[in-house]
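> what shape does this take:
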Amino acid sequence: MPETTDVLVVGARCAGSAAAIALARRGRAVIALDGASFPSDTLSTHLFFPNHWAELERLGARDRVMALDPPLHTAAGLGTETVDVTGPFSSYEGFAHGSCVRRPGLDNALVETAREAGAEIRERTRVTGLLRDATGRVTGVRWRDRDGEEGEIHAKLVIGADGRNSTIARLVGTRAHHEWQNRRLMAFAYYDDPRDELRHIASQWRDEDELVTVFPCDGGQSVVLLMSPKRREDEYQDDKEAAFDRTVARVGPLARRLEGCTRASKIRVSYKHPAYFRHSHGPGWALTGDAGHFKDPVTAQGIRDALRFGRLLGEAAAPALDDPAALDRALAAWEDDRDAQCLPMYQWANGLGLADDVSPIEATAYAWLAARPDGPTEVLDVFSRKRLPGEVFTPSRLVRWLAGAVRDPEIDNRRLWTTLKRDVRREGARLVEERRFARRKAASAAAFRAAPAPASSAPADDRRPALA
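So this is what the prediction gives:
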């Protein structure tokens with residue numbers, strides 16, 4: 001016999017558990033399905049800023065995450081071979097530290113918090129199709145578990161929180177209305193890290209066209225993430241260990257940071273991870289987390305946004321579930337709010353993810369920020385979402401940095417002006433995209449509504465992120 005619940009959540013990691021917690025705490029019946037069993041790993045940089053901790057606190061999961069004994073990052077740094085822009089975090093809702101928590105422990109903590117709130121989490125179970133009523137409204141799902149058992153669950157709302165390759169997004173037929181192809185690949189591995197004197201600092205360095213990071217995490221390890229230009233893809237595909245080691249050796253500050261550390265895992269590589277906004281709601285369904293919106297990983301914002309907008313989705317939907325028209329309005333308002341909050345960071349991340357050499361203007365900016373007592377903290381406030389990028393990287397400061405670069409006798413003025421013209425073109429394109437965002441989103445939504453609903457029995461494939 002088919003089951004009935006208020007909300008069916010597909011995916012029980014960060015976004016799905018956050019939505020389930022918010023709904024269950026408001027008295028709603030929630031079932032969450034996930035093809036994985038917990039604890040288990042997933043592709044993620046899993047870096048935290050202070051606002052991540054604030055979201056975990058709101059969900060009631062912070063104590064469980066702290067029980068994993070992650071190192072608390074009281075400082076973070078950006079730098080080059082010659083300039084170090086490292087400083088403390090400012091407080092965000094009482095939290096003045098970041099961290100890095102591996103996904104098996106983090107996701108399990110969220111699942112257990114959801115169960116404690118009253119949500120039912122079913123592992124090793126995948127959605128195979130959607131149920132619809134005569135009007136095309138989504139009314140539930142078909143599912144199959146790993147033992148071959150099958151069934152149906154009817155629900156007033158189906159939430160897709162099932163990642164970039166979302167089954168729910170595919171089954172409802174939604175598409176991205178904005179997309180940005182990644183310019184850098186991601187290659188990462190875990191290192192046993194005995195450098196206790198450095199485990200309170202999350203670090204990122206630039207060296208010519210390389211961008212590399214070290215994030216101390218739980219279990220006495222650090223995750224080393226290399227974001228090499230995508231044009232080096234062939235090197236990694238031919239021999240990823242050799243390419244990884246060459247990059248570590250090439251970037252002096254990274255090589256010095258890893259002295260005494262030993263690689264303790266295989267190297268994982270993602271070659272294709274475009275950023276996007278998808279139309280994320282419709283009659284009886286919504287998409288949250290990476291299923292609906294994904295930013296370039298260079299700013300490490302995915303977990304925070306998954307927690308925040310999963311929770312906000314649950315809070316918005318809970319009081320409206322018994323009135324389909326009210327629910328549709330609540331989902332539309334939730335998506336508009338998500339997009340308004342996320343667009344500035346989406347654009348900034350796309351810019352930081354470009355596979356450029358460090359420009360003369362960037363080099364001058366690094367030196368200027370490093371010389372200011374609060375310069376590093378101002379930049380970290382952008383990552384913590386306390387300030388917009390434009391509030392730190394202001395036009396007047398850009399003029400100051402340009403003037404400093406002009407006065408620097410070691411900077412080739414021809415390269416400087418070439419860089420300036422390129423950056424002006426890019427800023428113009430960003431402003432155009434910002435102005436057109438709402439129109440393109442509305443046009444995408446209208447086209448989606450006009451299209452016939454996909455077949456409800458479409459099978460769900462098992463597409464995975466592109467890993468090697």
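> quick one: furthest residue from the center of the chain?
Relative to the centre of the chain, and counting by Cα atoms, centre = their mean, the farthest-placed residue is Pro409 at 40.3 Å.
> sec struct for that residue, please.
Assigned state for Pro409: coil (three-state reduction, DSSP: H, G, I helix; E, B strand; the rest coil).
> for it, give its distance to Ile121.
Note on Pro409: its distance to Ile121, by Cβ to Cβ, to the nearest Å, is 63 Å. In short, each C-beta sits where N, CA and C put it, glycine included.
> ok, Val10 next?
Val10 sits 12 Å away from Ile121 when distances are taken as Cβ to Cβ.
> what about Arg132, distance to Ser359?
With Cβ to Cβ as the criterion, Arg132 and Ser359 are 52 Å apart.
> I meant Pro274, not that one.
Counting by Cβ to Cβ, the separation of Pro274 from Ser359 is 24 Å.
> out of those two, which sits in the more crowded spot?
Set side by side, Pro274 and Ser359 give different neighbour counts by other Cβ atoms under 10 Å, the larger being at Ser359 (18 against 12).
> output the contacting helices and strands for the top helix by length along the chain.
When every helix of the chain is counted residue by residue (DSSP state H), the longest turns out to be helix 413-450. Secondary-structure packing of helix 413-450 (3 or more Cβ pairs under 8 Å, 6 or more residues apart in numbering; DSSP states H and E): strand 176-180, helix 324-352, helix 360-371, helix 395-407.
> nearest to Asp196, out of the ones you listed?
helix 360-371 (24.9 Å; Cβ to Cβ).
> ok and the closest one relative to helix 413-450, angle-wise?
Compare the direction of helix 360-371 with that of helix 413-450 by axes from the mean of the first three to the mean of the last three Cα atoms, to 10 degrees and you get 90 degrees.
> quick one: helix 360-371 to helix 395-407, angle?
Taking the same axes, to 10 degrees, helix 360-371 and helix 395-407 form an angle of 110 degrees between their directions.
> quick one on the thing from earlier: make a markdown table from the helices and strands packed on helix 413-450 and add mean neighbour count and distance to Ile21 to it.
Output for the helices and strands packed on helix 413-450, formatted as a markdown table (neighbours: other Cβ atoms under 10 Å; distance: least, Cβ to Cβ, whole Å):
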| stretch | mean neighbour count | distance to Ile21 |
| --- | --- | --- |
| strand 176-180 | 18 | 28 |
| helix 324-352 | 18 | 16 |
| helix 360-371 | 20 | 38 |
| helix 395-407 | 14 | 41 |
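> output those as a markdown table; include the columns distance to Thr262.
Rendered in a markdown table, the data for these read as follows (distance: least, Cβ to Cβ, whole Å):
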| stretch | distance to Thr262 |
| --- | --- |
| strand 176-180 | 36 |
| helix 324-352 | 30 |
| helix 360-371 | 31 |
| helix 395-407 | 40 |
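> between the ones you listed, which one is nearest to Glu57?
helix 324-352 (18.7 Å).
> average pLDDT for the closest one?
Regarding helix 324-352, the rounded mean pLDDT is 96.
> now do the nearest residue in space to Lys386 that is not next to it in sequence against Ala187, distance only.
Counting by Cβ to Cβ, 6 or more residues apart in numbering, Tyr92 is the residue found nearest to Lys386 once chain neighbours are left out, at 6.0 Å. Computed as Cβ to Cβ, the Tyr92 to Ala187 distance reads 30 Å.
> compare these two (neighbour count), which wins?
Higher neighbour count among Tyr92 and Ala187: Ala187, with 24 against 20, using other Cβ under 10 Å.
> residue contacts, that one?
Residues counted as contacts of Ala187 (Cβ atoms under 8 Å, 6 or more residues apart in numbering) are Leu225, Leu226, Ser228, Tyr236, Lys240, Ala243, Phe244, Thr247, Ile267, Arg268, Val269.
> so the fourth one touches Phe188, yeah?
No. Using Cβ atoms under 8 Å, Tyr236 is not in contact with Phe188; the gap is 11.6 Å.
> helix, strand, or coil at Val158?
With three-state DSSP as the criterion, Val158 reads strand.
> pLDDT wise, what is it at?
Confidence per residue is given as pLDDT, and for Val158 that number is 98.
> run through the bridge partners of it.
Val158 has these beta-bridge partners by DSSP bridges: Leu8, Trp285.
> what's the neighbour count on it?
Val158 has 26 neighbouring residues, counting by other Cβ under 10 Å.
> wait, doesn't it sit right on Ser166?
No. Under the contact definition of Cβ under 8 Å, Val158 does not touch Ser166, with a separation of 11.6 Å.
> Arg256 belongs to a helix?
Yes. Looking at Arg256 with three-state DSSP, it is inside a helix.
> nearest residue to Trp334 in space, please, no chain neighbours.
What sits nearest to Trp334 in space, not counting adjacent residues and going by Cβ to Cβ, 6+ apart, is Ala316, at 4.4 Å.
> now do the contacts for that neighbour.
For Ala316, the contacting residues are Ala330, Leu331, Ala333, Trp334, by Cβ under 8 Å, 6+ apart.
> would you mind measuring from the closest residue in space to the second one that isn't next to it in sequence to Arg164?
Take Leu331 and drop its neighbours on the chain: the residue closest to it by Cβ to Cβ, 6+ apart is His281, 3.8 Å away. Remark: distance between His281 and Arg164 (Cβ to Cβ) = 18 Å.
> so which of those two has more stuff around it?
Set side by side, His281 and Arg164 show unequal neighbour counts under other Cβ under 10 Å, the larger going to His281 at 27 against 20.
> the stretch 101-250 of the chain: strands as residue ranges?
If you assign secondary structure with DSSP state E, counting those that start in this stretch, the strands in the stretch 101-250 of the chain sit at 120-122, 125-132, 138-145, 150-160, 176-180, 186-192, 201-207, 210-217, 221-227.
> a markdown table for those, including distance to Pro70?
Written out in a markdown table, the entries for the strands of the stretch 101-250 of the chain read as follows (distance: least, Cβ to Cβ, whole Å):
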| stretch | distance to Pro70 |
| --- | --- |
| strand 120-122 | 23 |
| strand 125-132 | 29 |
| strand 138-145 | 32 |
| strand 150-160 | 28 |
| strand 176-180 | 31 |
| strand 186-192 | 14 |
| strand 201-207 | 12 |
| strand 210-217 | 6 |
| strand 221-227 | 10 |
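> all set, thanks.
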